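Trainee: Curious how this folds, go ahead:
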Amino acid sequence: MKRWKPFICVVTAAALSISTAAFGSQVTITPLDETHASSQGESNGALITSQGPASNQGGVSQEGPSGDSGTTTVIYGGGESAAETAAAGSGPSADSSQSSDAAAASGTSQSSGTAADSGLSAAASQIAQPTVASEGAVLLNAADGTVLFSKNGDTQFYPASITKLMTALLVAENCSLDDTVVFSATATTNLESGAVAINMTEGDTMTVRQCLYALLLKSANEVGNALAEHVAGSNAAFADMMNAKAAALGCTNTHFANPHGLNDPNHVTTPHDMALIARAAFQNETVRTVASTLSYTLPATKNNPSGLTVTMGHKMLNPDDSRYYPGIIGGKTGYTSKAGNTLVTAAERDGVRLIAVVMKSQSTHYTDTKALLDYGYELAAAGALMGSSRAQAGTSGSGQAQAGTSAAGQAQTGVSGGPGAVTERGWVQDSNGWYYVKDNGTRAAGEWVTVDGSSYWIDDNGYMAKGWRQVDGKWYFLRSNGSMAVNYWEKDEASGKCYYLGSDGVMLTDTMTPDGYYVGSDGAWVE
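Mentor: Prediction:
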């Protein structure tokens, strides 16, 4: 029995999830069906129950929508709640560093800093700032884009292969995953010496899906070229798309020259801009799925007649690695002698999603990232992240409603991003729970609603569900913040049994899970 399995079944270990990497080329990315991606009712005649799949086991969470759980600037702010699934994988550890991409810092490095005074609670203001050795770093609250920590956050650095997050985002937005990508001579030869590659040659083909795994796991540079040509016709035209997208995301100090991050003096970004790009990338389900996968087997090609298994280079995703960090939902590594180590990491715990970016690091990228994330989740625990579900949703009670609480009988409205701040539609909380007001002004009931990439089941009584639900004969698990669990192990505390929720949120039965464990006809892991 694999030694970490008992650990992964512990629900209290910060929403630990399992990779979507299945066997060989059978792995697919499965964005939510249209039935789950709209506000159309689905309950017509459907059996809907809140009892868990284990007989006579309650399995329904009683928690509210909120979960528990250089120049340096520290800022705190408010905004909407993010409610996405935490994902982590179970494959082998690997070292797929990005070879000689090329990059270095431009601009002046600064080292001293101060914390911004933003009216924090006394408890939050006592939280020590992280010590970051990398020359550039930013910690971003993904819910509202608030910068929680910045060291040279607006200084330009060469990004190396973290560039590929932007490439993957544009590909995911502009292509079908089943499109065929044909590798040209230009794509396979337009690389500098030593660049990471998977030995593709002219005339080789892969699907867009397969290319994305090669791009984000192996950091294959010729795959970046081929995808750019597939989308835009040339690297130059694709770079124009990258720059337009960066500007649309609010990036002000970024200029991309290629799709892979190899050496170019005009290929630069900042930690803050990169955090904005990563925030958008990890809101995309396709990118998030690929970037949280530990291993994937590519199909046979001319130079790889038996296929090729690629593994994730980001060590914090791997439960078998000492640098593993529970709650990581994806990331991307980069390295060149000029850029040093660069690292982008997205993590989510109890509905609080953070984006950490470190640039121009000398082998401290993982320790710096851990320090940043630890700091962010300390702030969340202290209630300082006003954009998080923890800070916003709070609990219901009597008396006057405060930020994060709701007085009995008094509604607290929220934005479309999740239970949280004020708007004319979207999430609303009253003394009975959370409900959702659709664009047409009606309340959702007996249906799925999808908000910022996460799906929520609204019971027939009009309130957001939590825990187990059976809809149309299929079991789903709604996490404590209401979001549908995907690619996720859930342990039933009463029975001690573990169940796996697949990429579409449906509990698997009578099959092997993507990480290699068998679940029986009742969905429980067979030990």
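Trainee: just the CA coordinates of stretch 197-212, formatted as CSV?
Mentor: Listed next in CSV are the C-alpha coordinates belonging to stretch 197-212 (Å, rounded to 0.1, in the frame of the first residue of the first chain):
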residue,chain,number,x,y,z
ALA,A,197,12.5,19.7,-25.5
ILE,A,198,10.8,16.3,-26.1
ASN,A,199,12.5,15.7,-29.4
MET,A,200,9.6,16.4,-31.7
THR,A,201,10.4,16.6,-35.4
GLU,A,202,8.8,18.1,-38.4
GLY,A,203,5.5,16.3,-39.3
ASP,A,204,4.9,14.9,-35.7
THR,A,205,1.4,15.5,-34.4
MET,A,206,-0.2,15.7,-31.0
THR,A,207,-3.6,17.0,-29.8
VAL,A,208,-3.8,20.4,-28.1
ARG,A,209,-4.5,18.5,-24.9
GLN,A,210,-1.3,16.5,-25.1
CYS,A,211,0.6,19.6,-26.0
LEU,A,212,-0.6,21.4,-22.9
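Trainee: Please point out which parts of that stretch sit buried.
Mentor: For stretch 197-212, the neighbour count (16 or more other Cβ atoms under 10 Å) marks 197-198, 200, 204, 206-212 as buried. Bear in mind the C-beta positions are built from the backbone N, C-alpha and C, glycine included.
Trainee: where does the nearest residue to Ala371 once chain neighbours are set aside fall, phi/psi-wise?
Mentor: Closest residue in space to Ala371, ignoring its immediate chain neighbours: Pro130 at 3.8 Å, by Cβ to Cβ, 6 or more residues apart in numbering. Main-chain torsions, Pro130, degrees, to the nearest 10: phi -70, psi 150.
Trainee: Give the burial count for Pro130, as a bare number.
Mentor: Counted with other Cβ atoms under 10 Å, residues neighbouring Pro130 total 24.
Trainee: if we can go back for a sec, mark which of the buried residues of stretch 197-212 are part of helices, please.
Mentor: 208-212 (DSSP state H).
Trainee: is it possible to export the residues you listed to TSV including distance to Gln126?
Mentor: Listed next are those as TSV, based on distance: Cβ to Cβ, whole Å:
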residue	distance to Gln126
Val208	49
Arg209	47
Gln210	49
Cys211	48
Leu212	43
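Trainee: Among those residues, which one lies nearest to Asn141?
Mentor: Nearest to Asn141 among these is Leu212, at 26.8 Å by Cβ to Cβ.
Trainee: contacting residues for the nearest residue to that closest one once chain neighbours are set aside?
Mentor: With sequence-adjacent residues excluded and distances taken as Cβ to Cβ, 6+ apart, Leu212 is closest to Val290, at 4.8 Å. Residues in contact with Val290 (Cβ atoms under 8 Å, 6 or more residues apart in numbering) are 29, 168, 212-213, 216-217, 330.
Trainee: By pLDDT, give me the weakest of those.
Mentor: Lowest-confidence member of the contacts of Val290: Ile29, scoring 33 (pLDDT).
Trainee: ok so, going back, am I right that the residue nearest to Ala371 is in contact with Glu378?
Mentor: No: with contact defined as Cβ atoms under 8 Å, Pro130 does not count as touching Glu378 (9.4 Å).
Trainee: Do you know the pLDDT at Tyr476?
Mentor: For Tyr476, the model assigns a pLDDT of 94.
Trainee: just to revisit the earlier point, any chance of the buried residues of stretch 197-212 in a markdown table, plus distance to Leu148?
Mentor: A markdown table is the format used below for the buried residues of stretch 197-212 (distance: Cβ to Cβ, whole Å):
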| residue | distance to Leu148 |
| --- | --- |
| Ala197 | 37 |
| Ile198 | 37 |
| Met200 | 40 |
| Asp204 | 44 |
| Met206 | 39 |
| Thr207 | 38 |
| Val208 | 34 |
| Arg209 | 34 |
| Gln210 | 36 |
| Cys211 | 34 |
| Leu212 | 29 |
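Trainee: Tell me which stretches of the stretch 151-300 of the chain form helices.
Mentor: 164-174, 185-189, 208-213, 221-232, 235-248, 271-281, 285-291 (DSSP state H, counting those that start in this stretch).
Trainee: Compare the ones you listed and give me the one nearest Leu298.
Mentor: helix 208-213 (5.6 Å).
Trainee: follow-up on the earlier one: which residues sit in contact with the residue nearest to Ala371?
Mentor: Going by Cβ under 8 Å, 6+ apart, Pro130 touches 139, 149, 368, 371-372, 374-375.
Trainee: and what of Tyr476?
Mentor: Counted by Cβ under 8 Å, 6+ apart, Tyr476 has contacts 457, 468-470, 484-485, 501, 505-507.
Trainee: Any stretches of this protein with poor pLDDT?
Mentor: Along the chain, the parts satisfying pLDDT under 70 run over 1-124, 386-424.
Trainee: since we're on Glu378, how many residues are nearby?
Mentor: Glu378 has 16 nearby residues by other Cβ under 10 Å.
Trainee: Tell me if I'm right that it and Ile127 touch.
Mentor: Yes: assessed by Cβ under 8 Å, Glu378 is found in contact with Ile127 at 4.9 Å.
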